[in-house]
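> Sequence plus the predicted model coming up.
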Amino acid sequence: MIYRITFSCDEGDQNFRRVFEADSEATFLDLHKAILASVNYPDDQMTSFFMCNDRWEKEQEVTLVEMGSNFEYDNMTMESTRLSELMTEQGQRLIYVFDPMFERYFFGKLQEIAPGHKESVTCVESKGKAPKQLKTEDLDAIVGKDGKGDLDLDDLGFGDEFDMNDLDMEGFQDLSFDDGTMF
């Protein structure tokens, strides 16, 4: 079977849309790579797919690498999970988390299931400009443009009363990083 899957995004260019055709036996990793290629994102983030219900609530996750298991859902990886294992009916919804730090998504929908076979996942329609992969302006606000950070101890929950002299050093006096005994 051939799946036609449409992705859109609720930020940036409101005309953003990518449509993919994939064989039902393709893996989520194949779809992941096709998405990245279509938006020119590097493959350096811990992206995930989530199957969703009709209200876009996350259900089964498909991760890039094996993660700890969730009691409610099986641990599924992109490389070993075929689209047909989770996508069985037209209209199914899924999200692709492209920015895991700030939980930013592409919203996907299985638009059509047609007879046939396809060798690879292909982007058959590309409209609009994709948002930046990472929200660096938000990250800059947290760590600072110089990498030294703009946070003070209050931001981390220590409050005004934190004093290094109050730290109980018992057990730390024998630690030395100079002689390599730590590892």
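Sure, I can see it. Owing to the predicted nature of the structure, the values given are computational and were not obtained by experimental measurement. Numbers count the residues shown, from 1 in each chain.
> When you work out contacts or count neighbours from here on, use the C-alpha atoms and nothing else.
Fine.
> Quick one: residues in contact with stretch 10-28.
1-9, 31, 38, 49, 62, 78-84, 106, 116-131 (Cα atoms under 8 Å, 6 or more residues apart in numbering).
> ugh, wrong one, stretch 77-88
Contacting residues not belonging to stretch 77-88 are listed as 24-30, 32, 51, 62-66, 110 [Cα under 8 Å, 6+ apart].
> and I35, what is it in contact with?
The contact partners of I35, by Cα under 8 Å, 6+ apart, come to C123.
> Could you check how far R82 is from P100?
For R82, the distance to P100 under the criterion Cα to Cα, to the nearest Å works out to 22 Å.
> Tally up the residues packed near the residue nearest to S38 when sequence neighbours are not counted, please.
Among residues not flanking S38 along the chain, C123 sits closest, at 6.7 Å (Cα to Cα, 6 or more residues apart in numbering). If you count neighbours by other Cα atoms under 10 Å, C123 ends up with 19.
> Extract the C-alpha trace of the longest helix anywhere in the chain and format it as PDB.
In the chain, assigned by DSSP state H, the helix with the most residues is helix 28-39. Listed in PDB are the C-alpha atoms of helix 28-39, where the atom choice follows Å, rounded to 0.1, in the frame of the first residue of the first chain:
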ATOM      1  CA  PHE A  28       9.500   5.600  10.600                       C
ATOM      2  CA  LEU A  29      13.300   6.200  10.100                       C
ATOM      3  CA  ASP A  30      12.700   6.400   6.400                       C
ATOM      4  CA  LEU A  31      10.000   9.000   6.900                       C
ATOM      5  CA  HIS A  32      12.200  10.900   9.400                       C
ATOM      6  CA  LYS A  33      15.000  11.100   6.900                       C
ATOM      7  CA  ALA A  34      12.700  12.300   4.200                       C
ATOM      8  CA  ILE A  35      11.200  15.000   6.400                       C
ATOM      9  CA  LEU A  36      14.700  16.300   7.400                       C
ATOM     10  CA  ALA A  37      15.700  16.400   3.700                       C
ATOM     11  CA  SER A  38      12.600  18.300   2.700                       C
ATOM     12  CA  VAL A  39      13.200  21.000   5.200                       C
END
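> what's downstream of it, the next helix or strand?
Sequence-wise, the next helix or strand beyond helix 28-39 is strand 48-52, with elements assigned using DSSP states H and E.
> Point out the other helices and strands that that following strand packs with.
If contacts are counted by 3 or more Cα pairs under 8 Å, 6 or more residues apart in numbering; DSSP states H and E, strand 48-52 sits against strand 58-63, strand 93-99.
> and the longest one with strand 48-52, angle?
Same thing as strand 93-99. Using axes from the mean of the first three to the mean of the last three Cα atoms, to 10 degrees, the direction of strand 93-99 lies 150 degrees away from that of strand 48-52.
> let's number from 32 now, not from 1
All right, first residue 32 from here; so that's strand 124-130.
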